[in-house]
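In: structure here, sequence nowhere to be found:
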């Protein structure tokens, strides 16, 4: 495996976790928004990740143990909206209330979003550590010749 491939793999992880952190931030920012119509209320969004094998790994699969795992990366396949129904509250004094006095809140669970944010943050930190350790090892290898 090309040593520099480590940076591509860790970089793809950084990019994916960045998208994950942005969707969590969007969900948390809209957690308290309301609407008078259930079809227009904010819906929680979540990224869908996909493992991507490189062409080298696809050719070497079955011939070199572990080769396919070493040459993979992660990609954001898309961002999906939650299909959970919004919660309905009776607030006749709210200017956004419908004719029955109801407002609809998004289906965002703040505790789950905070947990997801911590997980994404730690995964991001781990990818940064992989890059830093790889860089330090490369520099140490270069110093062996001097």
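Out: Happy to help now that I have it. These figures come from a predicted structure and were not determined experimentally.

In: can we go C-alpha only for contacts and neighbour counts from here?
Out: Noted.

In: from the chain's centroid, how far away is stretch 92-104?
Out: Centroid separation for stretch 92-104 versus its chain: 34 Å, with CA atoms, centre = their mean, to the nearest Å.

In: stretch 139-146 now?
Out: In terms of CA atoms, centre = their mean, the centre of stretch 139-146 is found 37 Å from the chain centre.

In: cool, stretch 110-123 as well?
Out: 10 Å.

In: list of residues touching that stretch?
Out: Contact with stretch 110-123 is made by 13, 17, 18, 20, 21, 24, 27, 28, 31, as judged by CA atoms under 8 Å, 6 or more residues apart in numbering.

In: can I get the residues you listed in a markdown table with pLDDT and secondary structure?
Out: As requested, the contacts of stretch 110-123 are arranged in a markdown table below (pLDDT from 0 to 100; DSSP: H, G, I helix; E, B strand; the rest coil):
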| residue | pLDDT | secondary structure |
| --- | --- | --- |
| 13 | 93 | helix |
| 17 | 96 | helix |
| 18 | 96 | helix |
| 20 | 97 | helix |
| 21 | 97 | helix |
| 24 | 97 | helix |
| 27 | 97 | helix |
| 28 | 97 | helix |
| 31 | 94 | coil |
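
In: what helix or strand is residue 73 on?
Out: Residue 73 belongs to strand 72-81 when assigned by DSSP states H and E.

In: among the contacts of stretch 110-123, which pair sits farthest apart?
Out: Taking CA to CA, the two most distant members of the contacts of stretch 110-123 are 13 and 31; they sit 26.8 Å apart.

In: ok now the helix or strand that the strand holding residue 73 is followed by, how far from the chain's centre?
Out: Next helix or strand after strand 72-81 toward the C-terminus (DSSP H and E): strand 87-90. Offset of strand 87-90 from its chain centre (CA atoms, centre = their mean): 30 Å.

In: summarise which helices and strands whatever helix or strand comes next after strand 87-90 is packed against.
Out: Using DSSP H and E, the next helix or strand after strand 87-90 towards the C-terminus is strand 102-105. On a contact count with 3 or more CA pairs under 8 Å, 6 or more residues apart in numbering; DSSP states H and E, strand 102-105 meets strand 87-90.

In: give me the residues contacting the strand it packs on.
Out: Against strand 87-90 from outside (CA under 8 Å, 6+ apart): 101, 102, 103, 104, 105, 106, 107.
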